[in-house]
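S.K.: prediction below, plus the sequence it came from.
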Amino acid sequence: MAKKIPMRQCIGCGEMKSKKEMMRVLKTPEDDIILDVTGKKNGRGAYLCRNMECLQKARKNKGVERSFKVSIPSEIYDNLEKEFDTFHE
């Protein structure tokens with residue numbers, strides 16, 4: 001029997017993709033919002049496609065806020081975008 005592939009929905013575009021193709025945004029127990037590149041850190045995760053457009057869509061439609069049920073200042077989005085850039089180089 002084929003192994004089940006864990007699917008996740010992008011909080012930017014809403015597409016379902018396999019977990020491996022996506023990037024995890026994490027809310028830590030200390031309420032920090034960070035990119036979890038390994039996907040193994042503790043905390044509440046939400047998933048994004050690996051492109052900047054989805055991060056910007058999530059920013060516009062408040063996808064991260066909905067996932068974590070907290071309001072998110074724009075500095076956090078700026079940090080995510082910076083992290084995103086370094087991750088893609």
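M.R.: Looks like it came in fine.
S.K.: buried residues in the helix or strand harbouring residue 78, which are they?
M.R.: In this structure, residue 78 sits in helix 74-88 according to DSSP states H and E. By 16 or more other C-beta atoms under 10 Å, the buried positions in helix 74-88 come out as 76-77, 80, 83-84. Heads up, the C-betas are built off the backbone N, CA and C, glycines and all.
S.K.: pLDDT weak spots in this protein?
M.R.: Residues of the chain meeting the criterion pLDDT under 70: 88-89.
S.K.: the helices in it, which residues?
M.R.: For the chain, the helices defined by DSSP state H cover 52-60, 63-68, 74-88.
S.K.: in CSV, list those helices along with distance to residue 45.
M.R.: Formatted as CSV, the helices of the chain follow (distance: least, C-beta to C-beta, whole Å):
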stretch, distance to residue 45
helix 52-60, 13
helix 63-68, 8
helix 74-88, 14
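S.K.: compare those and give me the one nearest residue 43.
M.R.: helix 63-68 (9.4 Å; C-beta to C-beta).
S.K.: can you redo the buried residues of helix 74-88 as CSV with distance to residue 63?
M.R.: What follows is the buried residues of helix 74-88, written out as CSV (distance: C-beta to C-beta, whole Å):
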residue, distance to residue 63
76, 13
77, 11
80, 12
83, 16
84, 14
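S.K.: just give me the closest of those residues to residue 59.
M.R.: The shortest approach to residue 59 among the buried residues of helix 74-88 belongs to residue 77, at 4.8 Å (C-beta to C-beta).
S.K.: enumerate every residue touching that closest one.
M.R.: With contact taken as C-beta atoms under 8 Å, 6 or more residues apart in numbering, residue 77 is in contact with 55, 59, 64.
S.K.: now, among those residues, which is nearest to residue 11?
M.R.: Distance to residue 11, by C-beta to C-beta, is smallest for residue 64 among the contacts of residue 77, at 6.3 Å.
S.K.: can you count the residues close to that closest one?
M.R.: When neighbours are defined as other C-beta atoms under 10 Å, residue 64 has 23 of them.
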